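> predicted model follows, preceded by the sequence.
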Amino acid sequence: MSEPVRGVVVAHGSLAQGLVSSVLAISGVEGEALRPLSNEGSGPEALQARVNEALGSEGPAIVFTDLGSGSCAFCARRIALERPETAIVTGVNLPVLLDFVFHREMPLGELVERLVEKGRGGITGAHREAAAHADRAV
């Protein structure tokens, strides 16, 4: 059995805290599986140091960011270049994080591919005609 993948959500404002607390409330998962981190008040070097500290020791990890560009994503890319077994998933949303906490035992590469698909699948749209069925689960 491989070591479970750890996750750090890095986002603007209070978004990371909200996403992580929602995932923990919905899933019932506890522990260090997923940690939130805001970029507020941190320059590039300070943010990178905070993310590295949140990632902890060696082992597979994913840095989730809210946007594909900007301070959080730039920081995640720098860390992924320097830290072995570290991947990035940008544009994080609740379906991605819920899937992550239940599939942390997967190999890192396969997990990242799965999460990207879950993220895409978690976004749907409805126009007026489709909104008539809004009470149905998708």
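Arrived safely.

> for the residue lying closest to G109 once chain neighbours are set aside, helix, strand, or coil?
Using CB to CB, 6 or more residues apart in numbering and skipping residues adjacent in sequence, the residue nearest G109 is A87, 7.6 Å away. Using the backbone N, CA and C atoms, a C-beta is placed for each residue, glycine as well. Secondary structure state of A87, per DSSP: H, G, I helix; E, B strand; the rest coil, is strand.

> pretty sure A87 is touching E110, no?
No. A87 is not in contact with E110 according to CB atoms under 8 Å; the separation is 10.8 Å.

> between those two, who's got more neighbours?
Taking other CB atoms under 10 Å, A87 and E110 do not tie; A87 has more neighbours (19 against 10).

> what residues are up against the most centrally placed residue in the chain?
Per CA atoms, centre = their mean, the C-alpha nearest to the average position across the chain is that of F64, at 3.2 Å. For F64, the contacting residues are G7, V8, V9, V10, I88, V89, T90, V92, V96, L97, F100, by CB atoms under 8 Å, 6 or more residues apart in numbering.

> my guess is the second one contacts N52. True?
It stands for V8. No. With contacts counted by CB under 8 Å, V8 stays clear of N52, the gap being 9.4 Å.

> need the residues touching each of the two.
With contacts defined as CB under 8 Å, 6+ apart, no residue is adjacent to both V8 and N52.

> got any ranges where this protein has weak pLDDT?
The model of the chain has pLDDT under 70 over residues 1, 130-131, 134, 137-138.
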